[in-house]
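>>> give me the fold of what follows.
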Amino acid sequence: MLPQDVVREKRKLWTFATRIVETSSPCKPTQRADRIVALKDCREEKIMPPIKLTRCSMLVALALVISVSAAANAQSKLGNVSFPTSGGEKAQLHFLRGLAALHSFWFEEALDEFRQSTAAEPGFVMGYWGEAMAYNHPLWAEQDTESARKTLEKIKDTSRLTPRERAYVDAVRALYAAGDKLPRDKAYSIAMEKVYRAYPDDLEAACFYALSLLGTVRPGDKGYRRQALAGAIALDVYQKNPDHPGAAHYIIHAFDDPEHAILALPAARRYAEIAPEAHHARHMPAHIFLQLGMWSEAAASNESAWAVSDAWVKRKGLPLSARDYHSLHWLTYVYLQQGRYKKAEELLPMNRKDTAARYSPDVTAAVIVETERWDLTSKYFPEGETEKGEIEGHASSHNAAAPMPPGQRSQSLPTFIRGLAAAKNGSPETARFIAELQTARKQQGDAYPAKGAEIKELEVSAALAAKKQQYDEAIELMKRATSIEEEMSPPSGPPSLIKPSHELFGEILLEANRPKEAAVQFGTALLRQPNRARSLLGAARAAAKSGDTKTAVEAYSRLQRQWNQADADLPELREAQDYLRQAGTK
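Numbers count the residues shown, from 1 in each chain. Purely as a prediction, here's the structure:
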C-alpha cells in the first residue's frame, strides 16, 4: 500500500513553510531553527503544532550604501547585494558583481571580477578578500589553499579598513590558516558568527555565516541543527531582500533533504529569476524539485542551466570542460524518471566524447539501471577499459576556476554495473565481480564511502541469489543493505548508489511472491525519493498483486501522468495503460 499520509504531511509542511517565508514579522533565526529541527518529530507524530512567530524589534539604522547605477546594472542579472567598502568607485563596481557571482558559486566570474577590482585599485583589500573566498568551495570540502594564501599575502596596508572590513579579513585568514580543512572550516564559521552578531544589519555577514555552517557538515554527520540554523538565517535574509542570490541559494542547500525540502520550494521557484546569468542559479532549484518528485520542473531547470553554461563557454572561448556537466548529469536522470529513455541515451555521447565529462560513469550507469538494458553494459563498461575518476557531488563543474583534487568516491561503479548485469542474467561471472567489489570495499580509506561500497556488494549478491530463486538468502542480504543505507546521509539528487536499496528489495520481494512486504519497501523508497519511476512502478505492481485495486490505480495513474512525454513503446507504459483500462479508468 502506498504511504497515503505523505500528501497530507507535505501539505502541513507547505503551510508551515509559507507562514515562515511570508510573515511580515519574522522570528529570530535561532528560534526559527528550533522549529525547523522539530519538523522531523512533527512528521513522525503526524502533528503540526501551532506556530507563534515572535516579533523582532525593528532595527533602524542608516548604512553607507554605494548607489552607483553602473554597479546596479552589473548586478542586475546576478541578484541584488550591498556591501559598503573603503574602496573607490571603479573597484567597488567590480567587487559587487564578483560578490553576487560568488553567492551563486560562479567562481570563475567571481575571480575575474575580484581581480579586476584590485587591478583598478591595487590597494583594495576587500578585492583580495573576495578572490581568496572564491578559492574555497565550501559545500564540496574543496579548496585551492595555495592560491588563496598567495592572494592574502598581497594585503599589505590595512590601516584604511573599517572594523567591519577587518573582521571579514580576519575570518578569511582563519579559513586559510595552517592545519586540516575541517578544523579551519570550523574556525572560519566561528569567526563569521562573530561578524554576524557584531553587525546584525549586515545581510552579507548573515549569508556568509549561514554558508559557513553548511561548510562544516560532512557526509555521515548526525543531527540537523547546523543546517536548520543556516536555513533559518538565510530565510531571514530572504525576507529582508528577496533578490539576494545567497539567501535563495543557501535556503535550498540547507533544506536539501526529503524531510525539509518543502520549506525551500518558494526560494527554489525564484532563484533562477534572481540570478539568471549564473548557470548554477538555474540548476539549483532542481535540488528541491528532485526531492519533491517534480520532474517537469527539474527538467526545465537543468535544460536551462546547461544551455546557459554552454553559451557562456562559447562566448568566453573557454574549454568545453568548463560547461556545467553537473546539470547534464541531473538532466539525464530526470529524463529517465520521465520515461524519456531515448532522450537520456542521446546525452551519453556528449558525455563520453568529452574527456572532461567526469560524470560519465554515473550518467551511463543510471541509463543502464533505469532502463534495465543490461545488454548496454558490455558496450559502455567493457572490461579492461581504464576507469575514469568519479566525482561525488558537483565539484567538477567548477574546475576551470581553480583546479581541485578529485573526490574520493569509490572507484567500483563499473564493477558494480557489470556485476548487477551479470546477476540479472544469472552469469557465473557474477561471483568474480562480487569478489572485486569486496576488495574495493576493503581498500576504502574512509568509513563512510565504504558503506556505499558494501551496499553495492550486497545488492549484486542479493540479485544473484534471487535469480537462483534463493529468496531467503536474498532477503537477508537486502535487509542488511537497507539498514546500512538508512544510516547514511539523506539522499540528495540522483542516487549515488545508482540503485536505491529499498527499491531493489521491493523488486526481489515481488519476485518471491511477497507483494505486501514489497509494498512496504516501495513505500519507503518513495518517501526517500518521491515519484522515482521504478519505485512507483513497483508500488503499482505490489498493490495489483495484493488485490489492492485502489492503490494500484493510484500508482499506475501517477506513473502514466509522470510519463506523459515518455517513449511510446515502453512496455512499462503499456502495462500501466492496460491495467487502468481493465480497471475501468482513463
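
>>> give me the domain ranges for this protein.
Here the domain parsing of the chain from automatic domain parsing is 69-275, 353-534.

>>> among those, show the one with the smallest mean pLDDT.
Note on the domains of the chain: lowest mean pLDDT is at domain 353-534, with a mean of 85.

>>> how distant is that domain from the center of its chain?
Distance, stretch centre to chain centre, for domain 353-534: 18 Å (C-alpha atoms, centre = their mean, to the nearest Å).

>>> about what we covered before: could I get the domains of the chain as TSV with mean neighbour count and distance to L331?
In this view, the C-beta of every residue, glycine as well, is placed from N, C-alpha and C. What follows is the domains of the chain, written out as TSV (neighbours: other C-beta atoms under 10 Å; distance: least, C-beta to C-beta, whole Å):
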stretch	mean neighbour count	distance to L331
domain 69-275	21	15
domain 353-534	19	9
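
>>> could you find the closest non-adjacent residue to N513?
Using C-beta to C-beta, 6 or more residues apart in numbering and skipping residues adjacent in sequence, the residue nearest N513 is K545, 7.8 Å away.

>>> residues in contact with the helix or strand the one you found falls within?
Per DSSP states H and E, K545 falls inside helix 533-546. The contact list for helix 533-546, computed with C-beta atoms under 8 Å, 6 or more residues apart in numbering, reads 1-2, 336-339, 370, 500, 502-503, 506-507, 509-510, 513, 515-516, 518-519, 521-523, 525-526, 529, 549, 551-552, 555-556, 558-559, 562-563, 572, 575-576, 579.

>>> that one: how far from the chain's middle?
27 Å.

>>> which parts of the helix or strand following it are buried?
On the C-terminal side of helix 533-546, the nearest following helix or strand under DSSP H and E is helix 549-562. Going by neighbour count (16 or more other C-beta atoms under 10 Å), the buried part of helix 549-562 is 551-560, 562.

>>> show me what helix 549-562 is packed against.
Here helix 549-562 touches helix 533-546, helix 571-582, going by 3 or more C-beta pairs under 8 Å, 6 or more residues apart in numbering; DSSP states H and E.

>>> quick one: buried residues of the last one?
If you call a residue buried by 16+ other C-beta under 10 Å, then helix 571-582 has these buried ones: 572-573, 575-576, 579-580.

>>> please name the residues that touch the residue nearest to G419 when sequence neighbours are not counted.
Setting aside the residues directly before and after it, G419 is nearest to F433 in space (C-beta to C-beta, 6+ apart), at 3.2 Å. When contacts are counted by C-beta under 8 Å, 6+ apart, F433 touches 415-416, 418-419, 422, 460.

>>> relative to A305, which of these is nearest.
F416 (28.1 Å; C-beta to C-beta).

>>> picking that back up, the helices and strands packed on helix 549-562: which one's closest to G452?
Nearest to G452 among the helices and strands packed on helix 549-562 is helix 533-546 (18.9 Å), distances taken as C-beta to C-beta.

>>> show me the strands in the chain, by range?
Secondary structure of the chain (DSSP state E): strands located at 136-137, 142-143.

>>> sheet partners, orientation included, of the last one?
Applying DSSP bridges, strand 142-143 is found paired with strand 136-137 (antiparallel).

>>> and the partner strand, how far out from the chain middle?
Using C-alpha atoms, centre = their mean, the offset of strand 136-137 from its chain centre is 16 Å.
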